[in-house]
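**Student:** Next one to model:
(2 chains)
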Amino acid sequence: MLFHSLQFLLFLPLVFAFYWAVVDRPVLRKVLLVVASLIFYMAWNPAPVVLLVWLTIVDWGVGRWLRRTEHRLARKAILSLSILNNLGLLFLFKYADWLTQSVVDAFALVDVHLVYRPLGLILPVGLSFIVFQGMSYTIDVYRRELATRESWLDVAVYMTFFPHVVAGPIVRASDFLPQVDERPTLDDARGARALVRIATGMFKKLVIADFLAANIVDRVFADPGNYSGLEVTTAVVAYTLQIYYDFSAYSDIAIGTAALFGYVLKENFDKPYLSKNLFEFWRRWHSSLGSWLRDYLYIPLGGNRGSKARTIVNLMITMILGGVWHGADWRFVAWGLAHGIGLTITRLWWWTFGKTKNPTWVATALSTLATFIIVVECRIVFRAKDMLHAKVMFLEQWKSGWTLSSSPNLSGALGLVLAAAVVGHLVPHRLYDRGAALFARLPVVARALVLVGLALFIKEVAAFEVQPFIYFKF
Amino acid sequence: MEDTPAPPQQHAPRSTVVTLALFLVVCGALAAAPLPSWLKPLDLSTPDAAERVARRVLAKPKMTLQHVEERLAAQGGDGRDAPEGEGIDQSARLDAEERELLTTRDARADVEALKDVALPAAVPERPRVVVDRAAVAARITSPKADAFRAQAKSVNAPGAAVVNPCVLEEPAPMGGVRCARTALDPFFGTLDAIAAGDTSARAAAVVLGNSLIASDHVTDVVRARLVERFGDAGRGFLLPDRLSKVAGRKVRTGEATAGWEIQNFAQDPPDPKSGKRLGPFGFTGSLHVSTVKGDHTTWRTDGAARARLFYLEHGGQPAMRLEARTKAGKSVVARIEAMPAVAPEQDVSVDVVLPAATRELVLVAEGPGAQVYGVALEGEGAGVVVDTIGVPAASAQLYVEATSEEVFVRQLRQREPSLFVAMLGGNEVRSLDYKTIDPARFDAYLTELLARAKSAAPESACLIVSPIDAVKASAAGEELTTRPEIDTVIEVQRAVAKREGCAFFDLFAAMGGKGSLTRFKDKGFLSEDLVHPTWRGGDVLGQLFADALVQSWIDTAVPEGGIAIARRRDAKVPTPRFAGLTFPSEEQAVVVVKSDRRDAPAPRRPLARFFEQLRALERGEVTRVAIGQLGASHTAGQMWTDRMRERLTERFGNAGRGFISVGRESKRLASTGVVRTLEGGFEIADGREVMLGGTVGMSGTKARLEPGARFAVDFCGKLAPSAAKGGARHAHKRPASCPEARSAGTLQIAWLATPDMGSADVAVDGTTVATISPEVRNLDSDVQLLRLPIDEATASLEIVVHAPAPKKAHGKGKDPEHDAALDERFGPVHLLSVSEERARSGVVLDAVGLPGTTGMTPQRWRQDIVAEEARSRDWDLLVTAWGTNEAGIASLDEVTYRHHFTRTLDTLLQASPRADCLIIGASDRQDQKHGEWRAAPAHELVERVQRQVAADRGCAFFSLRTAMGGAGSVGAWLARGLANVDHVHFTAEGYAKLGDLIVDDLLAAYAHDAALAAAAAQEELARAQGDDGNRTSTDVDRRGG
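**Tutor:** Predicted coordinates for the structure are as follows:
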């Protein structure tokens, strides 16, 4: 189900009402959440729900088995089952065809022609997020950082909870499961803030992200040759903003919706385009993925505890695998690699010259701008349909046509939305918090009217065609 | 875990629940209330709107990428069967009419519905006359060719074959596939035509290259060999002079005076401070600019019959004149006036017919600043024209980046090539060495160059020729080593040729590959710069190229279906440059020549009768010329035909709005002041929903009005805002039938007699003037026509179906017999259309469109109704505008489509015995597949069939895709805000541009037709005067019109 759909508009109040009606009956409450989550998930395609349930059963079973096993090697073997199950399914659905095809292509280069019939499996929505969450549970149990859950229902609530099941944020078991036990609460202020958060997400998605997609990004990326250098460059920057507003919108709605049910999900974004270097960027961008990779991949690989060379190798492995997590395509390898190289260069710089303690505002501005440009240019590979297309996009930015007169697609409305996107990124958190607090202080009638007004505004200015969230495909 | 109730908590989400509930209640109330749309989060105010919302709620969400959705859909059927508007929140911004127009329907429904209709056993084959290419080639021997071949042998040049790939396959009758067209067929077809004796055939090649051919080396031999075999059709395109004042031959240029300044795209741009600039350059990559009064240039004409001068019109341009010089003297054949200091810059051309025995054509600039691209000289007879354009230092990048795309395309289009040759790569070899370009960029530039050529001449063949051996010399200059980068260049060229459907000739391999230039040097075939061949080397290379081309012509199998080629029209009257208009019945499929046609009287020219009617209209001999355009959503959307109507009525006068189908309120109609209203109980029959024998009118619809229902049309309604989306502006024009320009006329109502029908009052401007009833009907047909004379004040029509008076409290039930009699008397009325015409001299254009239909759809309807309604409109020109929907059917069968489309056309033509016909082809359309926009799968098939049908039925054909800029042009239209994001439909501006393209061509063809008629009249006059001195000039004037 899409958050910004009519279905969800009816689904949410219904589930919300039932949930709070049975909130004091823990089992019923959890059953309701799991059933609602599965319905939410099945609205797209019922088949993968089997996979989802299977993953919860295996991870729950592995957790129980680990609790009863003390032998170190046996525990490792049991954990491997979970990892194999999670990553195996992910590999099968996401990477098998791609990797096999890559091998076939590689052999073809030396004139050895293998015959391969692709499996053609469809990647279930959200699988990449779900398996990471499942592994987070079993690894934490293995590390004895989290108590085993005896009830399958608890694990099922954690893994299927509908606000995050499709596109994150990637919730850590150690953050979420303790909340499952507690009787949820939702006071007036938190409820109001949750509604503001959802409304903010809707606005970001429908007014900014979809507008940018429909009015510049999609058309330019589809056929860059038709557009001037200025238009192509604008499209690249616009895509950078679009993907932020799209994904952070999803996170906003997920966090807001979870809050309506008394759950707290961790923040996923913190104004990433104001980062002064790529390390900071990765702390601010999709931080639930960044921290997952750090805790479950980078640190187990040795992190930065080994030699400098080993640190760089660990960094590169983490970034390349992080890139591949986004999709089975060499573009994502290239994207991860590019970020890995950027991080390595930053790391080498720090090792050589040390970190600047108190940079001047000029240095800060320059490093922020440089970081933004690197992120923007890397986004081309991320968005283009293949590497050749990405190359064309890179080159097309430098062709002639850097005047507004030769760029008819740069309309005033587009400029306005781009400006709004930039300003929206610059607005300090405290202003947003003040706005939310103001909303919370309004009488309920006024709150409802504000939301109706916002709905009318969004309906009036939103792009014609509603786009799915970008991160659904990962 | 125990499910025991926990103690009540202090924090309850009461306020949040109330907020949410209030939000939903207010939204629901606004949605259901009769408020303006901007105050409605959703529209639930009508059952239809509520149903749409319900469909959206129940629809499966579009949660992932298109190709995944398609694969998912494929698991349970076909993606096209998915619910309409799935996942697309259209209703939020579009009303029902816009949704209807923008919804892409599954046009395969037509194939499904018509599958049981028997098709003819086989398409009748035309008699064929196959040209024996080998025999033609063998008939001519050339001593020079033999000498050049001997020289080639002396340098061990083995020659090479042209790679001529198949670019279009078709199912073979015995199974499998066969080639329907090779890359070079368009050119070879013209050669065949010449060989078959077609005196109007012209095989034109345009060769773009670099310094290798700048002095017409290499290409001169190719031209000579082709001319030896196929004849000379003129010198072709010639520059004003050489591109260097000191070097090169003048064989392909004029002889200019010293004052002319030479500009070409390889020059360094001038200092911006100087105020000077280069270009804009077209396909020649160069410009000559006069610097002093009297600068002139002289071209040898070599018997040319006509010339076309290409120049840049700009502010401050001096006057120019073209003089034709004969032995007897000179005469000014064209004069180009000076332009004011402030005038828009545009590349233009001027056509002149050269007087007999013209030896030289002289262009004189009467001041500085004349900017001239060159002149094209062509003869009258059949033959070959080879334009050689070679610019020193040229590369694919320069041809793409340093020329103006518009000028390039416009100029190349005027050369009407049947072969476009790119002889580039030599400079790229060095650029790769110097790392100033990489293979990917070279690939991209070459691809773009071909795209522009295709855009200019979509029907042309294309050929890429590799560079010759490129070498580096040792320090002593003795040892030459082939540059390794040449392999990369050739690899890219091969790949591009394969991808773009072009032929490829490896000149490097033909001359002997690596090391061949050393042998050329040893034989004195290489100039001292170690780059360019000497003229003798050029001869050898040219012979290798010519032999390969001619051999490819001989070796290539002639496609079964023949090759259709453009036939040149009357050479004495220059043919206008059409954007998309063609006359297929005047084209000749060379290998499919009907032998009995040659002695038969010349067929009537397509559109000739229509043009004659227009001339009669202008002479005041007739008062009405009617055009009926039938089509799908492009036509149903009105904007296209609105523009055509606007343009045509501006020129010829407005004789009324014409046809209006009966239907709901339409914003598109309202945007031009025609307000349609349909109220009460009604049901609209949809011709797309029926399988066979649908009882609908020619528009594919019929409105069943229940008793009490009301249909009204206000022909002078208040102008409504445009229904166009995205802020697109639509030109509002008050209809000419409104008070300021009104006159008396006729209203025609078409309705259908049915057994259950009731009766209705017909009111004009509020006064009941007639009654529709079963008693008053024409028994010969179910289609009933009511024609009402109207006066100049008439602005509205209203039809109200009779209904029983409101029943009194105890009315019904007391007397059942009486009630039954009442029910019998009151019944529905089935309306088809209304048409408004005014008794003013002018044009009426009927727009008869139904979204989602194809040229086959009308075969699903009752033919008698379609024909009768069409007959009632008495058209002078029948236009069909189907094609875009069927172009999207990957499984479209050619025989089926040809059969049903022909029958549709025949039905309409038989109902319109006075009408000429114009078939408008499919617009360029792309479908999204796996996240990429791809060309519609059946476009070629649809266009081929429509052209064939046009040829068979003597219709003109307008290629909408060609006019748009060729395959893939919808992307460019989208970029310019002319096309809709669905890559199928257009914006208001786009439709207006389409209208302009068609009307421009029609008016140009009309003017051309008039010129032809005048020329014929003059000839007739001359003959008459010669034959019979007594005949008076009055007789001739009358005939000539």
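**Student:** show me the residues around the residue in the stretch 101-250 of chain A positioned nearest to chain B that make contact.
**Tutor:** Going by Cβ to the nearest Cβ, chain B is nearest to residue A:191 of the stretch 101-250 of chain A, at 3.0 Å. (Each C-beta comes from the backbone N, C-alpha and C, glycine too.) Contacts for residue A:191 (Cβ atoms under 8 Å, 6 or more residues apart in numbering or on different chains) come out as A:259, A:260, B:13, B:15, B:16, B:19.
**Student:** Does the fourth one belong to a helix, a strand or coil?
**Tutor:** It refers to residue B:15. Under DSSP: H, G, I helix; E, B strand; the rest coil, residue B:15 falls in the helix class.
**Student:** What's the local residue count around it?
**Tutor:** Counted with other Cβ atoms under 10 Å in any protein chain shown, the neighbours of residue B:15 add up to 18.
**Student:** touching chain A at all, stretch B:439-455?
**Tutor:** Yes - Stretch B:439-455 is in contact with chain A by Cβ under 8 Å from any Cβ of the partner chain, via B:440, B:441, B:444, B:448.
**Student:** Identify all contacting residues around that stretch.
**Tutor:** With Cβ under 8 Å, 6+ apart as the test, stretch B:439-455 has contacts from A:225, A:388, A:391-392, A:395, B:208, B:395-397, B:399-401, B:405, B:408-409, B:412, B:420, B:422, B:424, B:428, B:431-432, B:460, B:462, B:464, B:488-489, B:491-493, B:495-496, B:499-500, B:502, B:965-969.
**Student:** mind checking how far residue A:453 is from residue A:78?
**Tutor:** 55 Å (Cβ to Cβ, to the nearest Å).
**Student:** more crowded one of those two?
**Tutor:** residue A:78 (21 against 12).
**Student:** Now do that one, the pLDDT please.
**Tutor:** Looking at residue A:78, its pLDDT stands at 89.
**Student:** Now it: closest residue in space, sequence neighbours ignored.
**Tutor:** residue A:65 (5.1 Å; Cβ to Cβ, 6 or more residues apart in numbering or on different chains).
**Student:** Tell me which helix or strand the one you found sits in.
**Tutor:** Per DSSP states H and E, residue A:65 falls inside helix A:49-68.
**Student:** What are the buried residues along the very next helix or strand once past that helix?
**Tutor:** Downstream of helix A:49-68, the next assigned helix or strand under DSSP H and E is helix A:72-90. Neighbour-count burial for helix A:72-90, counted by 16 or more other Cβ atoms under 10 Å in any protein chain shown, picks out A:75, A:78, A:79, A:81, A:82, A:83, A:85, A:86, A:87, A:89, A:90.
**Student:** Just the CA trace of the helix or strand that helix A:72-90 is followed by, in CSV.
**Tutor:** Later in the chain than helix A:72-90, the nearest helix or strand by DSSP H and E is helix A:96-109. Taking Å, rounded to 0.1, in the frame of the first residue of the first chain, the C-alpha atoms of helix A:96-109 are listed here in CSV:
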residue,chain,number,x,y,z
ALA,A,96,21.2,-14.3,-8.9
ASP,A,97,20.2,-13.2,-12.4
TRP,A,98,22.5,-10.2,-12.4
LEU,A,99,25.6,-12.1,-11.2
THR,A,100,25.0,-15.0,-13.4
GLN,A,101,24.5,-12.8,-16.4
SER,A,102,27.7,-10.9,-15.5
VAL,A,103,29.6,-14.2,-15.5
VAL,A,104,28.0,-15.2,-18.8
ASP,A,105,29.0,-11.7,-20.2
ALA,A,106,32.5,-12.1,-18.9
PHE,A,107,33.0,-15.4,-20.6
ALA,A,108,31.6,-14.0,-23.8
LEU,A,109,34.4,-11.6,-23.8
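**Student:** which of the residues in helix A:96-109 are buried?
**Tutor:** A:96, A:97, A:98.
**Student:** Can the helix or strand following that helix be said to contact chain B?
**Tutor:** Using DSSP H and E, the helix or strand that follows helix A:96-109 in sequence is helix A:127-142. No - Helix A:127-142 is not in contact with chain B by Cβ under 8 Å from any Cβ; minimum separation 11.4 Å.
**Student:** elements contacting helix A:127-142?
**Tutor:** Under the contact criterion of 3 or more Cβ pairs under 8 Å, 6 or more residues apart in numbering or on different chains; DSSP states H and E, helix A:127-142 touches helix A:49-68, helix A:72-90, helix A:152-160, helix A:162-165, helix A:173-181, helix A:287-293.
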